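Need a 3D model of the sequence below.
(one chain, ligands or ions: 2)
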Amino acid sequence: MIAMGVSSSGKSATGAAIARRLHAPFLDGDGYHPPANKEKMRNGIPLTDEDRWPWLETLAGALHEAAAQKGVAVGACSALKRAYRDYLTEKAGEPILFVFLDGDIEMIRKRIEARNHEFMSPKLLDSQFATLERPSPDENVLAVSIEEPIETVASKVVKQLGHLKVFKRGQ
Ligand SMILES: Nc1ncnc2c1ncn2[C@@H]1O[C@H](COP(=O)(O)OP(=O)(O)OP(=O)(O)O)[C@@H](O)[C@H]1O
Ligand SMILES: O=C(O)[C@H](O)[C@@H](O)[C@H](O)[C@H](O)CO
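Ligands and ions are numbered 1, 2, ... in the order given. Purely as a prediction, here's the structure:
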């Protein structure tokens, strides 16, 4: 499973809360960026597809390994484009449920401006929304509103997992 969405949509916080409920490993995509990507974002420069493919491949491989050991794994990754989501699934070699953390730009802007992040500049929020391709109904996605608190959102996601494909071996 991967918590996806624009910067500050809550991927790290909500993904970790979901992982706690599932007693699953949590892998935050932030930690898989090479230094060059972090430097670009720190300087307010949006990443390109070329910047993202190796990052996505590394994260997908780590998720595959984690799920192989624990049965299920939870990741956090912006996965802004459909092509990225398809690539993550291909490289993981297993079905991935994308949990789309859906919120409007002004609500998220308040959040990104109120936090300190290792490298993500608030200046990049507009480019994140410009790049975002909202998931289509034919994708393996669960969309959730992020208006409620983190723990409420996480509980709602876990409650709905019963009938959905998650990142689990043998699905
Ligand atoms: N549902 C929520 N309600 C209120 N605040 C939230 C919610 N989700 C996240 N936040 C807050 O918004 C900020 C961004 O959250 P978080 O870092 O988890 O987002 P992210 O999508 O992982 O960001 P990035 O992609 O830049 O790493 C944090 O300060 C977090 O506490
Ligand atoms: O796809 C991207 O443009 C980047 O992954 C960003 O989304 C950051 O990694 C993430 O927001 C963490 O700060």
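
Going by C-alpha atoms from here, please, whenever you check contacts or count neighbours.
OK.

what does this protein put close to ligand 2?
For the chain, the residues in contact with ligand 2 (C-alpha under 6 Å from any ligand atom) are 6, 7, 30, 47, 78, 120.

Quickly name whichever of the residues you listed is closest to ligand 1.
Among the residues of the chain next to ligand 2, residue 7 lies closest to ligand 1 (C-alpha to the nearest ligand atom), at 3.6 Å.

and the residues of the chain next to ligand 2, which of them are in strands?
Using DSSP state E, no member of these falls within strands.

Now that you've got these, can you turn the buried subset into something I can paste into PyMOL?
Of those, the buried ones can be selected in PyMOL as follows, counting by 16 or more other C-alpha atoms under 10 Å:
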select buried, resi 6+7+30+47+78+120
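
Please tabulate the residues of the chain next to ligand 2 in TSV, including the columns distance to ligand 1.
TSV is the format used below for the residues of the chain next to ligand 2 (distance: C-alpha to the nearest ligand atom, whole Å):
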residue	distance to ligand 1
6	6
7	4
30	6
47	13
78	6
120	6
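
Counting residues, what is the longest helix that the chain contains?
Counting by DSSP state H, the longest helix found in the chain is helix 49-70.

who's in contact with residue 135?
Applying C-alpha atoms under 8 Å, 6 or more residues apart in numbering to residue 135 gives the contacts 82, 100, 141.

run the last query once more with 6 Å
Contacts for residue 135 (C-alpha atoms under 6 Å, 6 or more residues apart in numbering) come out as none.

follow-up on the earlier one: turn the residues of the chain next to ligand 2 into JSON lines, including pLDDT and distance to residue 158.
Shown next, in JSON lines, are the residues of the chain next to ligand 2 (pLDDT from 0 to 100; distance: C-alpha to C-alpha, whole Å):
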{"residue": "6", "pLDDT": "98", "distance to residue 158": "21"}
{"residue": "7", "pLDDT": "97", "distance to residue 158": "22"}
{"residue": "30", "pLDDT": "96", "distance to residue 158": "23"}
{"residue": "47", "pLDDT": "97", "distance to residue 158": "31"}
{"residue": "78", "pLDDT": "98", "distance to residue 158": "20"}
{"residue": "120", "pLDDT": "89", "distance to residue 158": "28"}
